[in-house]
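Undergrad: Okay, here's the prediction I keep looking at, along with the sequence it came from:
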Amino acid sequence: MQVIIHAGAHGTEEDRLMKTLLRNKEGFLARGTSVPGPAKYRPLLKECMAASKDHAPSEDAQDLLWDAILEEEHADRVVLSNPHFFGSQRDALDGQRLYPEAEDRMRALKALFPNDDLELYMAIRSPTGFLPKLLEKAGPGRRQDVLSTTNPAELRWSAMIARIRAAVPDVPITLWCYEDLPMIWAQILRELGNLEADSKVKGGMDLLGTIMTREGMRRMRAYLHDRPEITEMYKRRIFAAFLDKYAIEEALEEELDIEEWTPELIARIEEAYDADVDQLSRIPDVRLLTP
């Protein structure tokens, strides 16, 4: 069995992705990929991961887990999605370490599925947007603690991925940037569903609809409808062209509610993030999906 672990990250449209995957459930299953509802496995998987720290799971426990995940479905690939696989929003940051429990959680997942092919899929996001998302429900004390102990210009996703790679070197990793999501949303759905590049998926342009005017979406859909021969790669040029004319400017602007961040600091954070993304593309067995 191919076991696809989608581990968030938080604040990267993770819930929307789960809902869109479920919209494609029947089509995916017809091609061998199961997308079980999260209520079927999230609590049980959490318990099993915690128990695996003390002892290796028995074959009976593994069979029970698969029965709960698949029920009566038959598939050779399953997509398990949970933004809390590596910890809650509160546990997502410890000083300069992103998801400090990530490598231990991956070891636990590897122990739960010892005879299966495990793969990790995950979105990353610039600290300028990621930190405010992590702190949006935090109390004043937690907020002050994070801001006083974390330098956002020195946060590195590549450091987290390097830790995971060292812990489970045989697990392939596929990443994408939150900032690219509207352009590659359909590709991500196909990657998770193991579909061909030009396969149709439901909701493939949903994110474009959040940053483009209704008139722009209507015109773009009509344009694409009249040109069914256009490839998926060429569609992205069309997306860009219509966004250039019909983008909702307010939707493209990131809201930052951290008053302590100066424009100079934000510029340094973004520059460091760009370098970090480049570093990620150089890590062995890590794929970075890009527009």
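TA: Received the coordinates, thanks.
Undergrad: In the sheet, which residues pair with Ile5? Tell me.
TA: Judged by DSSP bridges, the bridge partners of Ile5 are Leu80, Leu120.
Undergrad: Count the neighbours of it for me.
TA: 24 (other CB atoms under 10 Å). (Glycine included, C-beta is placed from N, CA and C.)
Undergrad: contacting residues for it?
TA: Leu80, Phe85, Met106, Leu109, Leu118, Glu119, Leu120, Tyr121 (CB atoms under 8 Å, 6 or more residues apart in numbering).
Undergrad: For the stretch 151-291 of the chain, which segments are assigned as helices?
TA: For the stretch 151-291 of the chain, the helices defined by DSSP state H, counting those that start in this stretch cover 157-167, 181-193, 208-211, 214-225, 232-246, 249-252, 263-280.
Undergrad: again with the stretch 1-150 of the chain
TA: Ranges of helices in the stretch 1-150 of the chain, per DSSP H, counting those that start in this stretch, are 14-23, 25-30, 38-51, 59-70, 102-112, 127-135, 140-149.
Undergrad: Show me what counts as buried in the longest one.
TA: In other words, helix 38-51. Using 16 or more other CB atoms under 10 Å as the test for burial, helix 38-51 gives Pro38, Tyr41, Arg42, Leu45, Cys48, Met49.
Undergrad: need the contact list for the fifth one.
TA: Yep, that's Cys48 we're talking about. With CB under 8 Å, 6+ apart, Cys48 has these contacts: Pro57, Ala61, Leu65, Leu112.
Undergrad: Same check on the last one?
TA: In this structure, Met49 makes contact with Arg105, Ala108, Leu109, Leu112, judged by CB under 8 Å, 6+ apart.
Undergrad: Which of the residues you listed lies at the shortest distance from Glu250?
TA: Nearest to Glu250 among these is Arg105, at 36.7 Å by CB to CB.
Undergrad: ok, that closest one touching Asn82?
TA: No - in this structure Arg105 lies outside contact range of Asn82 using CB atoms under 8 Å: 10.3 Å.
Undergrad: Please list the residues outside stretch 142-161 that contact it.
TA: Stretch 142-161 is contacted by residues 90, 93, 95-99, 102, 124, 127-128, 130-131, 134-135, 138, 173, 175, 258, 260-261, 265, 268-269, 272, 276-277, 279-280, 283, 286 when judged by CB under 8 Å, 6+ apart.
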